[in-house]
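Participant: build me a model:
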Amino acid sequence: MKTRIIAAAAAAAFLTASCTGDYHNLAPESAETGTVTLNVSLNGPSTKAIVEANSTADMTFHTAQIFVYNKLNKLEAKSGVVTASENIALSIVPGQKTIWAVVNAPELELSLGTSQSAGTLRSLLSDNALNSIVMSGSLTKEVNANMNVSVGVKHIASKIVLKSIARDFTNAEYDEVPLKLKKIYMSNVAADCDYACSGTAPSVWNCKMGVLADPVENQTLLLDSGYDEVLPQAGAPHSTAHTFYVYPNPTTLDETGDTWSPRKTRLVVECEYNGRSCYYPITIRTDTIERNKVYTISSLTLKRPGSVSPERTGPEVSSDVDCTFSITVSNWETVDPYTEEF
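Facilitator: Have a look, this model is predicted:
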C-alpha cells in the first residue's frame, strides 16, 4: 500500500488549489489495495520582524520543494519546484518518513534513491532577493494513516537593521568640519550555508575586511549607497532605517588583521570628513550570527571622525570613544532584547 502526501505551500493559510506537477517517485505506480492521505502544509514564521524598515515581503512563499526520505534515509519521492499556490501529491510507501521542505530556492539536484539529505546541500546568499528569502525545515513522522502535518520552515538568512545615525562629537575641535554620510554596508559576510543550518563553516565570504568588490557582491542585500547627507553636530539624526540580509556566521573568535581569515560580521557606516573617507565598523556583538534572527541597532551615535579602516575602530583613538550604539536582538519568533555600549 502507498501513502499519498499532499503538501500545500502557504504562508498564512492552507491553499486548496489543485495541480498536476512534475512529481517524482522512487518506484513506479502499482495497483494499490488502498491509500491513506497525509496533508502537509508549509508553515512559515508566525510573526514578522520587529522593524519599521521592512514589510512582510521577506515572509513571502514563492516556490517550494518537498523531499521525502524513508527510514533507510533514501530519497523516496520529490516534488520538483512548484509555486506556492500549488498542492503537491506524492505517492509513498507507509512508514517512518523524514520530510524536507525548501522554500524560495533554486531546484535542488538530488536523485531518487540517494542517501544524501537535502539538509546537507549548500544554499548561497545569492539565491535570495529582498522579496524572496530562502527558507527550510524538516520533520520526521510515522505515516501510516490519514493525518495532517505542518512542516515549519525558517529563514536561513539573518537580518541586520540600523534605525538611526546621529553625530555628537565629544571633541569641540572637530565640530566645525562637515561629516557626510556616504554609504552603509555589511562586511565579513558569510555567503553560503547548508539547508539544515548545522553550523558548518562557510566556504564563501562577501566583502572581506570591509572591501567592496566591483561589482558589489549581493549588492541589494548588503549595500545601501548613494548618500551625500551632512550629519549635523548634535542635530537631528539620520532616521531612515536600513535593512540588510546575511547568512549565519558561526565564527566565535574575532580577527582584525590584514590577512584574511574568518571573522565576525560587521556593519560599516562610511562617511566623508575633511575630504577623506572614514569608517565606523560595528561588530554584530553576539556569540554567533544565527539563522532567522533580526539584529537591530536602534541608534548609532558617532563620537569622532571614525577610522581610516573599514575593519578596525582605530588607530587614531581608542575604540572606547569611537561610537556608542545599542543592539536589540530578536528572533522572528521571540527573543528577549539586550543593549550594548563601547
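Participant: who does the helix or strand harbouring Glu142 pair up with?
Facilitator: Under the criterion of DSSP states H and E, Glu142 resides in strand 135-143. Each strand paired with strand 135-143, and its direction, by DSSP bridges: strand 95-103 (antiparallel), strand 154-155 (antiparallel).
Participant: next secondary structure after the first one?
Facilitator: Scanning forward in sequence from strand 95-103 by DSSP H and E, the next helix or strand is strand 122-124.
Participant: output stretch 110-120 as PDB, nothing but the C-alphas.
Facilitator: The C-alpha trace of stretch 110-120 is given here as PDB (Å, rounded to 0.1, in the frame of the first residue of the first chain):
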ATOM      1  CA  LEU A 110      19.000  15.100  -5.800                       C
ATOM      2  CA  SER A 111      18.500  11.800  -7.400                       C
ATOM      3  CA  LEU A 112      15.800   9.400  -6.200                       C
ATOM      4  CA  GLY A 113      17.400   6.700  -4.100                       C
ATOM      5  CA  THR A 114      20.200   8.900  -2.900                       C
ATOM      6  CA  SER A 115      21.100   8.900   0.800                       C
ATOM      7  CA  GLN A 116      22.300  12.500   0.700                       C
ATOM      8  CA  SER A 117      20.000  14.600   2.800                       C
ATOM      9  CA  ALA A 118      18.600  17.800   1.400                       C
ATOM     10  CA  GLY A 119      19.800  19.500   4.500                       C
ATOM     11  CA  THR A 120      23.400  18.900   3.600                       C
END
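Participant: what comes up buried for that stretch?
Facilitator: For stretch 110-120, burial by neighbour count (16 or more other C-beta atoms under 10 Å) applies to Leu110, Ser117, Ala118, Gly119. Yep, even glycine has a C-beta here, placed from its N, CA and C like the rest.
Participant: and the last one, how far from Ala196?
Facilitator: Using C-beta to C-beta, to the nearest Å, Gly119 is found at 3 Å from Ala196.
Participant: okay, and the common contacts of these two?
Facilitator: Taking C-beta atoms under 8 Å, 6 or more residues apart in numbering as the criterion, Gly119 and Ala196 both touch Ser136, Ser138.
Participant: which strand residues bridge Gly137?
Facilitator: Ala101.
Participant: quick check: it touching Ile156?
Facilitator: No: between Gly137 and Ile156 there is no contact under C-beta atoms under 8 Å: 10.2 Å.
Participant: these two: who's more crowded?
Facilitator: Per other C-beta atoms under 10 Å, whichever of Gly137 and Ile156 has more neighbours is Ile156, with 29 against 21.
Participant: ok, that one touching Met135?
Facilitator: Yes: here Ile156 lies in contact with Met135, judged by C-beta under 8 Å, at a distance of 6.7 Å.
Participant: how is this structure carved up into domains?
Facilitator: Residue ranges for the domains of the chain, per automatic domain parsing: 2-155, 158-331.
Participant: now mean pLDDT too, for those domains, in JSON lines please.
Facilitator: Listed next are the domains of the chain as JSON lines, based on pLDDT from 0 to 100:
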{"stretch": "domain 2-155", "mean pLDDT": "73"}
{"stretch": "domain 158-331", "mean pLDDT": "89"}
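Participant: for Pro305, give me its contacts.
Facilitator: For Pro305, the contacting residues are Phe169, Tyr174, Val177, Leu179, Cys271, Tyr273, Asn274, Cys278, Glu316, by C-beta under 8 Å, 6+ apart.
Participant: if we use 7 Å, what do you get?
Facilitator: Counting by C-beta atoms under 7 Å, 6 or more residues apart in numbering, Pro305 touches Tyr174, Tyr273, Cys278.
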